[in-house]
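> No sequence on hand, only this structure:
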């Protein structure tokens, strides 16, 4: 049976660091504040937004939840984002996805100030993720790497099979893994034989949004495989499952559970990004004042 790579301990370490930084900001007269934009219509988004609100309260972070109607226009949403961009009390912003079909997530997200974009969705932060320059990197890809580090699995020189090339996880993770000196193979919906790539991998990271995309039969020829599951899928009964089938635990050497794995650490990384955002904003202000 595989070792379960639960994320609670790693997340608690991140939260401990955040609490120290929140206290330091408060001593300096700064109250960290996060604004979340939630458009009605997606129960999962509402659930995650409320979860973040509860965690923010535990961390001493002010949390503004903007509940918005499903028929909000792009212009109205952009006006709200602009007002939050220019509000000095707001240090971070999150746009809960998915958006209703009449709104373009790419176009809307691009209106968020890169210095307040704690989920790394703006073009500037996507570029920073690619180049390694200073910026706010997407939380879920960071969580995948940090979970491996926490359990002592190095990436340098390892063969990593990344399943999924989406804009939110797969694509940014590809760049982060390369900077960790891993050799990365990317599989996707047009890859004819994913199992053949798993045979020679040290680590598989699954972020395809397709439950059961890998299973025990595919993993069995490589029992030393470590599987990080970044998938989050809601079943008909409302429970949450990952992209790896449950029976992968019977064949791999280690597997991150869903829930309790990458998602748990992702929330912690989001709040750490908020602390980093404050630092970047202060730095930008100093540079502006020195000009």
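Noted; the coordinates are in hand. Predicted, not measured: the structure shown is a model, and the values here were computed from it.

> any idea of the mean pLDDT in stretch 112-125?
Across stretch 112-125, pLDDT averages out at 97.

> Just the residues contacting it, thanks.
Outside of stretch 112-125, the residues within contact range by C-beta atoms under 8 Å, 6 or more residues apart in numbering are 34, 81, 84-85, 90-95, 109-110, 126, 128-129, 135-139, 168, 172, 270, 273-274, 277, 280-281, 284. Glycine gets a C-beta too; all of them are placed from N, C-alpha and C.

> Just the buried ones from the residues you listed?
Using 16 or more other C-beta atoms under 10 Å as the burial test, those include 34, 81, 84-85, 90-95, 109-110, 126, 128-129, 135-139, 168, 172, 270, 273-274, 277, 280-281 as buried.

> What about the residues you listed, which are in helices?
81, 84-85, 109, 126, 128-129, 139, 172, 270, 273-274, 277, 280-281 (DSSP state H).

> which one of those residues is nearest residue 72?
Closest approach to residue 72 among those (C-beta to C-beta): residue 81, at 11.5 Å.

> so the closest one makes contact with residue 110?
No. Using C-beta atoms under 8 Å as the test, residue 81 is too far from residue 110 to be in contact (9.7 Å).

> how far is the lowest-mean-pLDDT helix or strand in the chain from where the chain is centred?
Scoring the helices and strands of the chain by mean pLDDT, DSSP states H and E places strand 233-234 at the bottom, with a mean of 85. Averaging C-alpha positions (C-alpha atoms, centre = their mean, to the nearest Å) puts strand 233-234 16 Å from its chain's average.

> Quick one: list the elements packing against whichever helix or strand comes after that strand.
Using DSSP states H and E, the helix or strand that follows strand 233-234 in sequence is strand 240-241. In terms of contacts (3 or more C-beta pairs under 8 Å, 6 or more residues apart in numbering; DSSP states H and E), strand 240-241 is packed against strand 233-234.
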